[in-house]
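Enquirer: sequence first, predicted model second:
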Amino acid sequence: MNKLNLTDVSQYVEQNIGIFHQKRIQSIESLKLIKVIQRKNPYLFKAKYVLTADEIVRGIVDAQISSAEETIFGDWLEGLAIFINQKVHGGRKSGIAGIDLEFDHDGIRYIVTIKSGPNWANSRQLAEMKTSFVTAQKTLRTSNSKLQVIAVNGCCYGRDNKPDKGTYYKYCGQKFWEFISGDRNLYTELIEPLGHQAKERNDDFLKSYSQIINKFTKEFTTDFCNENGAIDWAKLVKLNSAEKP
């Protein structure tokens, strides 16, 4: 086990955080108004007394962005966690399906799935993760039947005060970052480098965001507002819910 050098972490973040911001912009520029509307509940907008095209467009775009950013940044944090663990424990991206990270420490092989936060799973996803752990453990023991393999669900933020789940452990937030790095304070030490060029990157994002809002508002007004400028709710619902002929 090696001691983590925070300078290495800062350099990694500075060199790679641009990937996250680039994918944020790409997620906006790839949006299509019709497809986004089809995934949203038109009744909710009516119930909330939404009256303008701008309100609806901002509502659906903001919800889409929030969901996409959580996924994009979660994937980025997974890469950071693997990098940190490689520096400390010689860990590596796992080649086993459903497993993100493998590393050895004190004679134990750890297999880790990395998620953004603690509330990521429904019952089906939780069952799939458990199955992946069992399959991975069997695979690793094929060549060494005595190998001790411990499965861990790591979450980059949050907390879980009962980490022992019986067949695996769930480490969240401070506990997770300490687990992969040996540094109890890493979870707070990460904050500063993550802000590298944040303002400049966000300015680029806001430019793309403003353009898509303007574009979608114009499209929505043309396609879903009547000649008086009022929203044609029946047409909107039909797009979302009518049976195909």
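Expert: Looks like it came in fine. Numbers count the residues shown, from 1 in each chain.
Enquirer: least trustworthy helix or strand in this structure by mean pLDDT?
Expert: When each helix and strand of the chain is scored by mean pLDDT, DSSP states H and E, helix 191-194 comes last, with a mean of 86.
Enquirer: for that one, packing partners?
Expert: helix 6-29 (3 or more Cβ pairs under 8 Å, 6 or more residues apart in numbering; DSSP states H and E). Backbone N, C-alpha and C define where each C-beta goes, glycine included.
Enquirer: neighbouring contacts of the helix it packs on?
Expert: Applying Cβ atoms under 8 Å, 6 or more residues apart in numbering, the contact partners of helix 6-29 are 61, 64-65, 68-69, 72-73, 76, 79-80, 83-84, 87, 186, 189-190, 192-194, 196-197, 201-202, 204-205, 208-209, 212.
Enquirer: now for His105: which residues touch it?
Expert: Here His105 is in contact with Met1, His89 (Cβ under 8 Å, 6+ apart).
Enquirer: ok, which stretches of this structure are strands?
Expert: Under the criterion DSSP state E, strands of the chain are mapped to 92-93, 101-105, 108-115, 148-155, 169-172.
Enquirer: and the residue sitting nearest the centre point of the chain, how far from Phe179?
Expert: The residue lying closest to the centre of the chain (Cα atoms, centre = their mean) is Thr71, at 2.3 Å. To Phe179, Thr71 is 23 Å away according to Cβ to Cβ, to the nearest Å.
Enquirer: again with Asn202
Expert: For Asn202 relative to Phe179 (Cβ to Cβ), the value is 31 Å.
Enquirer: of those two, who's got more company?
Expert: Between Asn202 and Phe179, counted using other Cβ atoms under 10 Å, Phe179 has the larger neighbour count: 20 against 13.
Enquirer: returning to what we had before: then the least confident helix or strand of the chain to PDB, C-alphas only?
Expert: Output of helix 191-194 as PDB, limited to C-alpha atoms (Å, rounded to 0.1, in the frame of the first residue of the first chain):
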ATOM      1  CA  ILE A 191     -13.600  19.500  -3.400                       C
ATOM      2  CA  GLU A 192     -11.000  22.100  -4.300                       C
ATOM      3  CA  PRO A 193      -9.500  20.400  -7.400                       C
ATOM      4  CA  LEU A 194     -13.000  19.600  -8.700                       C
END
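Enquirer: buried ones in that helix?
Expert: For helix 191-194, a neighbour-count test (16 or more other Cβ atoms under 10 Å) marks Pro193, Leu194 as buried.
Enquirer: tell me the gap between it and the middle of its chain.
Expert: Centroid displacement of helix 191-194 relative to its chain, using Cα atoms, centre = their mean, to the nearest Å, is 18 Å.
Enquirer: longest helix in the chain, please.
Expert: Identified as the longest helix of the chain according to DSSP state H is helix 53-89.
Enquirer: ok, residues contacting the least confident helix or strand of the chain?
Expert: Residues outside helix 191-194 that contact it (Cβ under 8 Å, 6+ apart) are Val9, Ser10, Val13, Glu14, Ile17.
Enquirer: also stretch 48-65?
Expert: 24, 27-28, 31, 33, 36-37, 40, 45, 209, 212-213, 216-217, 220-221, 224-225, 231.
Enquirer: just these: which are in helices?
Expert: 24, 27-28, 33, 36-37, 45, 209, 212-213, 216-217, 220-221, 224.
Enquirer: and the residues you listed, which are buried?
Expert: 24, 27-28, 33, 37, 45, 209, 212-213, 216-217, 220, 224.
Enquirer: out of those residues, flag the one nearest to Asn5.
Expert: Closest approach to Asn5 among those (Cβ to Cβ): Arg24, at 28.7 Å.
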